[in-house]
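Engineer: What shape does this take:
(one chain, ligands or ions: 1)
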Amino acid sequence: MDFNNPQKPFNLKPQDFGKDFVFGVSTAAYQIEGAHAVHDKGASIWDQFTSKKGNTFNNQHGQVACDFYTKFEADILLMKSMNISHFRFSLAWSRILPNGTGAVSMDGVAFYNRVIDFCLECGITPWVTLYHWDLPQALQDQGGWAHRDVLSWFKNYAQVCATYFGDRIKHWIVLNEPMVFTGAGYFLGVHAPGNKGLKNFLPAVHHAMMCQAIGGRVLRAMVPKAFIGTTFSCSEITAYSESAKDVLAAKKADALLNRLFIEPLLGLGYPTEHVPVLAGLEAYIKPNDLKEAVFDFDFIGVQTYTREVVKHSYFVPYLRSKIVKASKRNVKTTLMDWEVYPRSIYNMIERFNQYQGIHKILITENGAAFPDMLFNGKVHDKERLHYLQAHIEQVHQAKKDGLNVEGYFVWTFTDNFEWAEGYRPRFGLVYTNFSTQERILKASGKWFKTFLGS
Ligand code: GAL
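Structural biologist: This is a model prediction of the structure:
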């Protein structure tokens, strides 16, 4: 589907992407599992953050979410019936290590063993993310990502996961979008743990950076034949005008949003020249750190949903750049007020291809929230279907042009808990009735099933 030419039919098949290309769906523990306090599970920063009034839309939380904890078999069977053969989910650190370190919860391990074994029984390859934003609260109480000890806490957690699941899990993702969990959680305070300011953000950035590589090294050493990656949020950035100020503002935003975490990983250091405030990172960098932040991942997970238009602003501290909301630009938007701009995914694949040292790129998340209407037991989510088709076409074009991209995962399988936005934005291929936990395949889900089966 081409948004500029809606008459043009979508006629790609999975085979057109080559034999190594994988299609799948992505999820995250806190957004789907529920069962926040079963067995000896410890609280996570999201349990804590959502327990405080005013932090999320209508004070919603993930205590039940999609109840994946008890419904995982039905959900995985539904996936199978939709011809989905790759399933990305994350492990909840505090379900496995209730205090973040120390004793392992055998009930937590048993839950993930059941999920993994059931995937394998159904012929679905499990892709595991070690960290998708739900730090154990016990570790946050000691400073969380802003505390240097997180390096050893994370190393231990990765070792525990490799020990218990490494015999069956061969596809690993270390971190999900470090820019988002440090930026929203430790600078803006709009995500858990709700902390603000540079004194939280800068150490959190540097420690997350170190943990990317630490996690990679643990998995490489402990899991034979592992395929190991880590993911980055990124968006094409366009300057609002050609004025020198706006162009500079766009460069700064690009350095912060798109380059901050990938470049030190590749040995290029922090992009401090465009974001001078990052010089404050120096205070947290120990002598060997920048060497140890480098790791040779098998793949990089690129996660793109939109593009950003950026202009100069005197009022934004440090950066002097601000995002011009899509709703103010007279463009097609999703429910998140994100511009529908499929070319961004092509451009980000191209950008990441230009770096030396990236072996493979996988789109580990892409999708959209629209105001879905359940009508006569059906959800005719035409806009999502078109969004997915348009983005998949761009990925195909990238492949055709010789760019190195080997996978595409839809965000997400079922509608779920969308962080601070609560349950309002629905991103699923499958509609969730949150009162009954009924699942209803949307038109986009039916289309994806047909596409995968074709
Ligand atoms: C990503 C995140 C997901 C999901 C998605 C849609 O940034 O990794 O957990 O929420 O955005 O907003």
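
Engineer: what sits against the closest residue to residue 322 other than its chain neighbours?
Structural biologist: Computed as CB to CB, 6 or more residues apart in numbering, the closest residue to residue 322 that is not its neighbour in sequence is residue 313, at 4.0 Å. C-betas here are computed from N, CA, C, even on glycine. Residues near residue 313 by CB atoms under 8 Å, 6 or more residues apart in numbering: 249, 320, 321, 322.

Engineer: As TSV, those with neighbour count would be great.
Structural biologist: Shown next, in TSV, are the contacts of residue 313 (neighbours: other CB atoms under 10 Å):
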residue	neighbour count
249	25
320	15
321	27
322	17
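
Engineer: Among those, which pair sits farthest apart?
Structural biologist: Spatial extent of these (CB to CB) is set by the pair 320 and 322 at 8.3 Å.

Engineer: which neighbours do those two share?
Structural biologist: With CB under 8 Å, 6+ apart as the test, residue 320 and residue 322 both reach 249, 312, 313.

Engineer: closest to residue 397 among those residues?
Structural biologist: residue 249 (29.3 Å).

Engineer: Am I right that that closest one is in contact with residue 314?
Structural biologist: No: look at residue 249 against residue 314 with CB atoms under 8 Å: they stay out of range, at 10.7 Å.

Engineer: Please report how far residue 72 lies from the ligand.
Structural biologist: Look at residue 72 and the ligand: by CB to the nearest ligand atom, to the nearest Å, they are 18 Å apart.

Engineer: and that residue, that one's in a helix?
Structural biologist: Yes: counting by DSSP: H, G, I helix; E, B strand; the rest coil, one finds residue 72 located in a helix.

Engineer: Might one say that it is in contact with residue 115?
Structural biologist: Yes: at 5.3 Å, residue 72 counts as touching residue 115 under the criterion of CB under 8 Å.

Engineer: who's more crowded, the two?
Structural biologist: A side-by-side neighbour count of residue 72 and residue 115, using other CB atoms under 10 Å, places residue 115 first with 23 against 20.

Engineer: secondary structure element for that one?
Structural biologist: helix 106-121 (DSSP states H and E).

Engineer: how about the residues of the chain near the ligand?
Structural biologist: Within the chain, the positions lying close to the ligand (CB under 6 Å from any ligand atom) are 28, 31, 176, 177, 180, 233, 365, 411, 418, 419, 427.

Engineer: so which of those comes closest to residue 146?
Structural biologist: Comparing the residues of the chain next to the ligand against residue 146 with CB to CB places residue 180 closest, at 16.1 Å.

Engineer: Kindly indicate whether that closest one is helix, strand or coil.
Structural biologist: Following three-state DSSP, residue 180 is assigned to helix.

Engineer: ok, it to residue 265 distance?
Structural biologist: Noted for residue 180: a distance of 16 Å to residue 265, by CB to CB, to the nearest Å.

Engineer: count of neighbours near the residue lying closest to residue 123 once chain neighbours are set aside?
Structural biologist: Excluding its sequence neighbours, the residue lying closest to residue 123 (CB to CB, 6+ apart) is residue 85, at 6.4 Å. Residue 85 is flanked by 16 other residues according to other CB under 10 Å.

Engineer: What of residue 323?
Structural biologist: Using other CB under 10 Å, residue 323 has 17 neighbouring residues.

Engineer: Check the one 5 residues further on too.
Structural biologist: Here the number of neighbours of residue 328 (other CB under 10 Å) works out to 9.

Engineer: Kindly provide the distance from it to the ligand.
Structural biologist: Separation of residue 328 from the ligand (CB to the nearest ligand atom) stands at 20 Å.

Engineer: Which single residue of the stretch 1-150 of the chain ends up nearest the ligand?
Structural biologist: residue 28 (4.8 Å; CB to the nearest ligand atom).

Engineer: Let's have the shared contacts of residue 320 and residue 322 in CSV, adding distance to residue 139 and pLDDT.
Structural biologist: Formatted as CSV, the shared contacts of residue 320 and residue 322 follow (distance: CB to CB, whole Å; pLDDT from 0 to 100):
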residue, distance to residue 139, pLDDT
249, 36, 97
312, 39, 97
313, 35, 96
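
Engineer: Which of those residues fall in strands?
Structural biologist: residue 312 (DSSP state E).

Engineer: Need the shared contacts of residue 320 and residue 322 in a markdown table (columns: distance to residue 185).
Structural biologist: Putting those into a markdown table (distance: CB to CB, whole Å) gives the following:
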| residue | distance to residue 185 |
| --- | --- |
| 249 | 24 |
| 312 | 27 |
| 313 | 23 |
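
Engineer: what's the closest of the shared contacts of residue 320 and residue 322 to the ligand?
Structural biologist: Closest to the ligand, out of all of these and judged by CB to the nearest ligand atom, is residue 249, at 22.7 Å.

Engineer: Which residue comes closest to that closest one once chain neighbours are left out?
Structural biologist: That would be residue 321: by CB to CB, 6+ apart, it lies 3.7 Å from residue 249.

Engineer: Quick check: the gap between that neighbour and residue 254.
Structural biologist: Going from residue 321 to residue 254 by CB to CB gives 9 Å.

Engineer: Which neighbours do these two have in common?
Structural biologist: Shared contacts of residue 321 and residue 254, defined by CB under 8 Å, 6+ apart, are absent.

Engineer: picking up where we left off before, what about residue 180 and residue 265, which has more around it?
Structural biologist: Counted by other CB under 10 Å, residue 180 and residue 265 do not tie: residue 265 has more neighbours, with 23 against 17.

Engineer: which ones are touching the more buried one?
Structural biologist: Contacts of residue 265 by CB under 8 Å, 6+ apart are 209, 212, 213, 230, 293, 294, 295, 297.

Engineer: Just give me the closest of the residues you listed to the ligand.
Structural biologist: Using CB to the nearest ligand atom, the contacts of residue 265 come closest to the ligand at residue 230, 12.4 Å.

Engineer: bridging residues for that closest one?
Structural biologist: residue 300 (DSSP bridges).
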